[in-house]
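Student: Generate coordinates for the sequence data below:
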Amino acid sequence: MTRTLFLRLAFSLACALLALGADPPAVQNSQSTLTRQSLEPYVDPSWNPNARIGTIRAALPARLMAPTPRTRRVLVLTFQTRGQLHLPGAAGLLNLLREAEKKYRAFELTEAYTSAGIDAKTLSRFDAVVLNNISIGGSPEEDDLYNKLLPGYVANGGGLFADHGVALLYLDHPDAEFNRMLGGFSSRLPSLRSTVHPTTTGSWTHCSAFPIRLPDPENPLIASFREASTKFTFNHGTCWDSSEWLVSLNAPQELADELYVISPLSNQDGSARAIVMVDPDKVPRASFIGANEFSYALIWIKNYGKGRVFVTALGHDVPAVKTPAFVTTFTRGAEWAATGQVTVPAGPELAQ
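Tutor: Numbers count the residues shown, from 1 in each chain. Below is the predicted model:
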């Protein structure tokens, strides 16, 4: 039996066991082992559960937006090879999805910690795929997954939820089909005169608190951002700094997370709709080199073929992910991507 066939069979067995309620072992290779070791301090319930998982659980919305006639199967991809996995945000989203699965019983999660064995047949079993903070240049053998298999899956009606670091996967290849499917991405190509992160201007950095704007304020996916502003203090640690510090802000109108500049080459066909963005009138324009209006996008949605794509550039940190506005919006986005049951009215288009 070839190694590839073995891994595919092992992955299929893991999915079958999960459907029966077991706790299946992941396909084991160096990729999955590395990912699990990286995640363990953040997803282990014995590790500060009250400050992490408990807060996420409390922030989940009371109910989903629409009834689901059947359980939706969601494949959560959390792995790293030559690329990177953004931690601890990847653990934060994983905890959020697990808590949502328990609370609503409308989703059935299958977690994969390696790309091995994922093919078109595997993807076809799921209603949605989550790309969980996978970042910066996957290995060459993964090109088919990102640029052929996933676009084909979504175009045929699948849902895609992608968060934060995913915007960097093909940062050196703006014309990649993955970027067209995603709608928005970050790029470091010198010819663009743009940067991956906003540049430091005075005391303002890409990790500073920032005000938000809602270009599509009536969109039901972001109802939590329309709530009255309340003072919110949490431990904030980002920018590759292992320490955390207290941040006080007026959420959800003002937030804190690691920011990207979405490339001006993004969204060339205008099909992506920003529903949350950094307010460009209240942050230093000089920090967003080469930006157009869509470059300030934080959360956007789009249709790709018959499928639905929900992307959030937010989600680098666990403290960010557990902010109530984030938790509710991420839950709504996952529901919309997986079910298509929620009607999203037409909204204004942003200038390209």
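Student: E111 and L93 touch, don't they?
Tutor: No: the criterion here is CB atoms under 8 Å, and E111 misses it with L93 at 11.4 Å. For every residue, glycine as well, the C-beta is placed using N, CA and C.
Student: Quick check, pLDDT for K231.
Tutor: Per-residue confidence (pLDDT) for K231: 86.
Student: helix/strand/coil for it?
Tutor: Classification of K231 using DSSP: H, G, I helix; E, B strand; the rest coil returns strand.
Student: OK, contacts around it?
Tutor: S248, L249, N250 (CB atoms under 8 Å, 6 or more residues apart in numbering).
Student: Quick check: which ranges of the stretch 1-150 of the chain have low pLDDT?
Tutor: Low-confidence segments of the stretch 1-150 of the chain (pLDDT under 70): 1-28, 44-52, 81-84, 137-139.
Student: Would you map the strands across it?
Tutor: Using DSSP state E, counting those that start in this stretch, the strands of the stretch 1-150 of the chain run over 72-77, 84-85, 107-112, 128-132, 134-135.
Student: If you count contacts, what does the fourth one end up packed against?
Tutor: Applying 3 or more CB pairs under 8 Å, 6 or more residues apart in numbering; DSSP states H and E, one finds that strand 128-132 contacts strand 72-77, helix 89-104, strand 159-163, helix 324-339.
Student: now the strand or helix carrying G152, how far from the centre of its chain.
Tutor: Following DSSP states H and E, one finds G152 within helix 150-155. Computed by CA atoms, centre = their mean, to the nearest Å, the separation of helix 150-155 from the middle of its chain amounts to 17 Å.
Student: returning to that earlier point: from the contacts of K231, which is closest to I56?
Tutor: L249 (18.5 Å; CB to CB).
Student: can you tell me how far the residue nearest to that closest one when sequence neighbours are not counted sits from V261?
Tutor: Distances taken as CB to CB, 6 or more residues apart in numbering put A209 closest to L249, at 4.9 Å, once the chain neighbours are dropped. A209 is 17 Å from V261, where distance means CB to CB, to the nearest Å.
Student: Looking only at neighbour counts, state which of the two leads.
Tutor: For A209 and V261, the more surrounded residue by other CB atoms under 10 Å is V261, and the numbers stand at 27 against 15.
Student: Make sure I have this right: the more buried one is in a helix.
Tutor: No: counting by three-state DSSP, V261 is located in no helix; its state is coil.
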